[in-house]
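1. starting from these lines, generate the structure:
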Amino acid sequence: MQKDSNPGSQGGPGGRLRRRRGSNEVPAEVVKANGDNLLVNDRNKYKSMLIRGYSSVWMIGGFALIIYMGHLYICAMIVVIQIFMAKELFNLLRRAHEDRQLPGFRLLNWHFFFTAMLFVYGRILSQRLVNTVTTDKFLYKLVGRFIKYHMVTCYFLYIAGFMWFILTLKKKMYKYQFGQYAWTHMILIVVFTQSSFTVANIFEGIFWFLLPASLIVINDIAAYLVGFFFGRTPLIKLSPKKTWEGFIGASVLTMFSAFLLANFFGHFQWLTCPRKDLSTGWLQCDPGPLFKPEHFTIPEWIPQWFPKREVEILPVQWHALCLGLFASIIAPFGGFFASGFKRAFKVKDFGDSIPGHGGITDRMDCQMVMAVFAYIYHQSFVVPQNLSIEMILDQILMNLPFEDQLALFTKLGQIIQERRFAES
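-> Take a look at the predicted model:
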C-alpha cells in the first residue's frame, strides 16, 4: 500500500490538528472560483435556498413592522445592528489565549464603542432633542447643558480609554494589544460612518432610508435568484457564486423596482415628512414638489394595448432611478470588499446569527455603501443649497441660550424698524 505523502491526512495527532477547522472557516472548495461552485451546479442549493428564504421572510416582516412604528424605533434597530456588527468584528481577530492574560481588555473595546456612539448620536439628534423638550423648562436647560458640553464630554471619555489602554500594556503582548487598538478604531470608523449617514437619512424622511435599503435587498435577492436558475458565467473570484447573469438581471429588476417603489412610498406622508423632534406621533406636512404627481401623456409609438394613455409620475421617481443605478452597479462592490476581507482572514461568514445569511455584518456590507451615497445624493441634488429660515432658526435654538435669543430678537426688531423708516 502506498503511503500518503500528505502529513495533514495522517491519523496521528498532528494530522488531526491540521485537518481540524473552525465552523466559520472557508472550505477549500468554496475558495476556488470555478464553474463547479456556481449555484446552478450546487447539489445542496435547494436546501440552502429554503433556509435563506425562511430567514428572509422573518427579516423583511420584522423590518416592515419597525418601519411602521416610526423613526425612534428605526434608530433603535440601527443601534442593535451596530452592536451586533461590532461584536462580530471584535471577535474576528480575538485570541482567547491572549485575552485570558488581559482581564478587562475586551471591555476597553466597548468603552470606545459607546463613546463613539454618544459622540455620533449626540451630534445628529441634538436639535431634535431640543425640539422635543422645549415645553419643559428644566429638561430644556438640562439638554442645553448636554449639547454645550457634549464634545468635551466625549473627548474626555476617549482620553480615559486611551489612558486605560496605556496602563494595561503588558510585556510580551505589546504587538497584540496595539493590533487590537488599531482594529477597534477601524471598526468604529466602519460602523459609525455608515450609521451616522443612515440616521441622518431617517430624520430627513423615512423615504430616504427605506428606498435605498429596499433597493439593496431587492438587488441581493434578484442576483441570488437569477444566478440560482440561470447563472453560468463567474463574475468575480472574490465571490465564486456570483455570476454575470445574476448581476445583469438584478440590475434591470432593481432599476424597475426603484421607479415603482418611489411612486408607492411617495404617497405616504408618514414616509416622506421629515421628523424635527423625537416624538412618535403621526406626521403631516406639505409633501413638497418632489412628491406631487405630474401628468405625462404616453407617446403614440407605445402600442394601443397599453391600458393608459396618461400616467402620473412623481418627480422623486427620477431621483429613485439614480439610487437604483447605484444600488445595482456600485453598492455590490461593498459585498465584494467584504468577501475579500473574509478570504483574507479565512472565514466563511462574519457570524452565524442569521440562518442561511451568516452574520449581521454579512447583510450590511452593501447597505453601508448605499447609506452614505443616499445621504450625499440627497444633500447634493434634493435639499435646497441656499439657507432657509428654518435652518437659521434651528442653529439659533440649538447654539444660543434663551437670553441671547431674546437679545437677537430685539436687535432684529430694531434693524427692521430702521430700514422701514429709511425706506419711507
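2. with just CA atoms, put the helix or strand harbouring Phe409 into PDB.
-> Assigning secondary structure by DSSP states H and E places Phe409 in helix 402-423. In PDB, the C-alpha atoms belonging to helix 402-423 read as follows (Å, rounded to 0.1, in the frame of the first residue of the first chain):
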ATOM      1  CA  PHE A 402     -32.500  81.900  25.900                       C
ATOM      2  CA  GLU A 403     -31.200  85.300  26.900                       C
ATOM      3  CA  ASP A 404     -29.200  85.600  23.700                       C
ATOM      4  CA  GLN A 405     -32.200  84.600  21.700                       C
ATOM      5  CA  LEU A 406     -34.200  87.500  23.300                       C
ATOM      6  CA  ALA A 407     -31.300  89.900  22.600                       C
ATOM      7  CA  LEU A 408     -31.200  88.700  18.900                       C
ATOM      8  CA  PHE A 409     -35.000  89.200  18.600                       C
ATOM      9  CA  THR A 410     -34.800  92.700  20.000                       C
ATOM     10  CA  LYS A 411     -31.800  93.600  17.700                       C
ATOM     11  CA  LEU A 412     -33.600  92.300  14.600                       C
ATOM     12  CA  GLY A 413     -36.700  94.300  15.600                       C
ATOM     13  CA  GLN A 414     -34.600  97.500  15.800                       C
ATOM     14  CA  ILE A 415     -32.900  96.800  12.400                       C
ATOM     15  CA  ILE A 416     -36.300  96.200  10.700                       C
ATOM     16  CA  GLN A 417     -37.700  99.400  12.200                       C
ATOM     17  CA  GLU A 418     -34.700 101.400  11.000                       C
ATOM     18  CA  ARG A 419     -34.900 100.000   7.500                       C
ATOM     19  CA  ARG A 420     -38.700 100.600   7.300                       C
ATOM     20  CA  PHE A 421     -38.100 104.200   8.500                       C
ATOM     21  CA  ALA A 422     -35.300 104.800   5.900                       C
ATOM     22  CA  GLU A 423     -37.400 103.500   3.000                       C
END
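3. for it, what is the distance to the chain centroid?
-> 45 Å (C-alpha atoms, centre = their mean, to the nearest Å).
4. which residue, other than its chain neighbours, is closest to Gly179?
-> In space, and not counting its chain neighbours, Gly179 is closest to Leu93: 7.3 Å by C-beta to C-beta, 6 or more residues apart in numbering. C-beta coordinates here come from the backbone N, C-alpha and C atoms, glycine included.
5. the helix holding Phe409 - contacts with which helices or strands?
-> helix 389-399 (3 or more C-beta pairs under 8 Å, 6 or more residues apart in numbering; DSSP states H and E).
6. quick one, the helix it packs on and helix 402-423 angle?
-> 140 degrees (axes from the mean of the first three to the mean of the last three C-alpha atoms, to 10 degrees).
7. output helix 389-399 in CSV with nothing but the alpha carbons.
-> Extracted C-alpha coordinates of helix 389-399, given in CSV (Å, rounded to 0.1, in the frame of the first residue of the first chain):
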residue,chain,number,x,y,z
ILE,A,389,-35.4,80.5,7.6
GLU,A,390,-35.9,77.1,9.2
MET,A,391,-32.2,76.2,9.0
ILE,A,392,-31.2,79.5,10.6
LEU,A,393,-33.8,79.1,13.4
ASP,A,394,-32.5,75.6,14.1
GLN,A,395,-29.0,76.9,14.6
ILE,A,396,-30.2,79.8,16.8
LEU,A,397,-32.3,77.5,19.0
MET,A,398,-29.5,74.9,19.3
ASN,A,399,-26.5,77.2,19.9
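8. show me what contacts Ile313?
-> By C-beta atoms under 8 Å, 6 or more residues apart in numbering, the contact list for Ile313 reads 263, 293-294, 296.
9. let's see it at 6 Å
-> Counting by C-beta atoms under 6 Å, 6 or more residues apart in numbering, Ile313 touches 294, 296.
10. separation between it and Pro234?
-> Distance from Ile313 to Pro234, counting by C-beta to C-beta, to the nearest Å: 38 Å.
11. tally of neighbours for Phe259?
-> Neighbour count for Phe259, taken as other C-beta atoms under 10 Å: 16.
12. what's the burial count for Lys172?
-> Counted with other C-beta under 10 Å, Lys172 comes out at 7.
13. and Thr134, by the same measure?
-> Thr134 has 12 nearby residues by other C-beta under 10 Å.
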